[in-house]
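**Q** model this:
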Amino acid sequence: TMMFLALPLIALALTPKRVTFWNSGTCPYAQRAWIALKEKGIDFDFAKVDLADKEATPGFGEAYYKANPNKLSSSKVPVIVVETEGLNMQYYTESKVLLETLDELFP
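**A** Numbers count the residues shown, from 1 in each chain. Take a look at the predicted model:
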């Protein structure tokens, strides 16, 4: 199994400017992250992913593999891309990691 880390020391030093949320609209794990975004009042761009044809969704494959560079894994939602001052773009996947990251970036 793989472990994904939210990098809390780096995340605390970032100033989020823009958030993009990749979701199919039906994945229960992505729903968890979606609810957190809404409850925290975070302004985000929604990017819908067709789970039947992920490669047809422009930019999704690249965003997923930046969040999880393991080429053996199958791309899945949710993915959140956070554009920040300082480090530019941060990519996150796995709903539990996303929840922790959102708590750190948007206390």
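**Q** residues contacting the residue nearest in space to the middle of the chain?
**A** The centroid of the chain falls nearest to Ile80 when counting by Cα atoms, centre = their mean (1.7 Å). Residues counted as contacts of Ile80 (Cβ atoms under 8 Å, 6 or more residues apart in numbering) are Val19, Thr20, Phe21, Trp22, Ala33, Phe44, Tyr91, Tyr92, Thr93, Leu98, Thr101, Leu102. (Glycine included, C-beta is placed from N, CA and C.)
**Q** which of those residues fall within strands?
**A** Applying DSSP state E to the contacts of Ile80, the entries found in strands are Val19, Thr20, Phe21, Trp22, Tyr91, Tyr92, Thr93.
**Q** of these, closest to Lys38?
**A** Phe21 (10.2 Å; Cβ to Cβ).
**Q** so what's the closest one up against?
**A** For Phe21, the contacting residues are Ala33, Trp34, Leu37, Phe44, Asp45, Phe46, Ala47, Pro78, Val79, Ile80, by Cβ under 8 Å, 6+ apart.
**Q** do Leu99 as well
**A** If a contact means Cβ under 8 Å, 6+ apart, then Leu99 has Arg32, Ala33, Ala36 as its contacts.
**Q** low-confidence bits of the protein, can you list those?
**A** Within the chain, the ranges that satisfy pLDDT under 70 run 1-14, 72, 87.
**Q** residue boundaries of the helices in this protein?
**A** Counting by DSSP state H, the chain has these helices, from start to end: 8-12, 28-39, 60-67, 95-105.
**Q** pipe the ones you listed into TSV and attach distance to Leu51 per row.
**A** Putting the helices of the chain into TSV (distance: least, Cβ to Cβ, whole Å) gives the following:
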stretch	distance to Leu51
helix 8-12	28
helix 28-39	10
helix 60-67	10
helix 95-105	15
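**Q** closest to Ser74 out of the ones you listed?
**A** When those are ranked by distance to Ser74, counting by Cβ to Cβ, first place goes to helix 60-67 at 9.3 Å.
**Q** that closest one packs against which elements?
**A** Secondary structure elements in contact with helix 60-67, counted by 3 or more Cβ pairs under 8 Å, 6 or more residues apart in numbering; DSSP states H and E, are strand 15-23, strand 79-85, strand 88-93.
**Q** that concludes my questions; thank you for your assistance.
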